[in-house]
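K.L.:
A structural model of the following input is requested.
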Amino acid sequence: MCGPELNEALLLVGRIARPHGIRGQVAVNPETDFMEDRFSVGRILRVGPPERTREYEIRDVRFQKGRPIVQFAGIDTMNDAEALAGADLWVPEAGLPPLPESTFYRHDLIGCDVHDMQGAALGRVSGVEGPIDRSYLVVDGHMLIPLVRGICVSVDIAARRVTVDPPEGLLDLNRGHGSPRKKTERTRKNTERS
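P.N.:
Here you go, the predicted structure:
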């Protein structure tokens, strides 16, 4: 089956880095906190750009140095694997399970209003960047705010609001940087520290 259903939201869970070996395996750079689930034998992943993905079933997987080495059904040679290099890997957003309390998907933060401790509006979250242990909010496409408990003191997804207590000068130093990327499936606990 090719392509997502009309208006189906997809979440990025990884990107194929390169072929691995000569039997069609690929090394994946993960973009999810749920690697063992998202990259499990029998799992169907959407491969390619979101507007025209193709479904592939995982036939075999192992983990090496923190990333999945995946064998897709029908990808049996190095040439087959090379054709997939650089391709994005997606899952439908609709089938995601609920998260534990005080945990949220990164994409849930996009569109949240950001306020300081005094209630002043700083902007709206336009993206979440960086690896899970060093994530930051991109506010209005240019302001970067570390997504750590001491700075992001309150995250209320239902109210679409993030309250921050940035250290002196942080907002001025970070103006003019950052660019939103694709939605990913990474999560963030507001109780974690980087």
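K.L.:
so Asp140 touches Arg124, yeah?
P.N.:
Yes: with contact defined as Cβ atoms under 8 Å, Asp140 counts as touching Arg124 (6.1 Å). Where C-beta positions appear, they are placed from N, C-alpha and C, glycine not excepted.
K.L.:
got the CA positions of the longest helix along the chain in PDB?
P.N.:
If you go by DSSP state H, the chain has its longest helix at helix 78-84. C-alpha atoms of helix 78-84 as PDB (Å, rounded to 0.1, in the frame of the first residue of the first chain):
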ATOM      1  CA  MET A  78      22.700  -3.800  -0.700                       C
ATOM      2  CA  ASN A  79      21.400  -2.100  -3.800                       C
ATOM      3  CA  ASP A  80      17.800  -2.300  -2.400                       C
ATOM      4  CA  ALA A  81      19.000  -0.800   0.900                       C
ATOM      5  CA  GLU A  82      21.000   2.000  -0.800                       C
ATOM      6  CA  ALA A  83      17.800   3.100  -2.600                       C
ATOM      7  CA  LEU A  84      16.200   3.700   0.900                       C
END
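K.L.:
Do a quick rundown of the helices in this structure.
P.N.:
With DSSP H, the ranges of helices along the chain come out as 35-38, 78-84, 106-109, 170-174.
K.L.:
Check those helices for me and report the most buried one.
P.N.:
helix 106-109 (a mean of 22; mean count of other Cβ atoms under 10 Å).
K.L.:
Would you list the phi and psi of Ile75?
P.N.:
As for Ile75, its main-chain torsions (degrees, to the nearest 10) stand at phi -110, psi 100.
K.L.:
quick one: the closest residue to it other than its chain neighbours and Thr32, what's the gap?
P.N.:
Take Ile75 and drop its neighbours on the chain: the residue closest to it by Cβ to Cβ, 6 or more residues apart in numbering is Gly24, 4.2 Å away. Using Cβ to Cβ, to the nearest Å, Gly24 is found at 22 Å from Thr32.
K.L.:
Quick one: closest of the helices of the chain to Ala17.
P.N.:
Comparing the helices of the chain against Ala17 with Cβ to Cβ, the closest turns out to be helix 78-84 (10.1 Å).
K.L.:
low-confidence ranges in this structure?
P.N.:
1-7, 132, 174-194 (pLDDT under 70).
K.L.:
Apply 80 and report the result again.
P.N.:
1-8, 33, 95-104, 130-133, 171-194 (pLDDT under 80).
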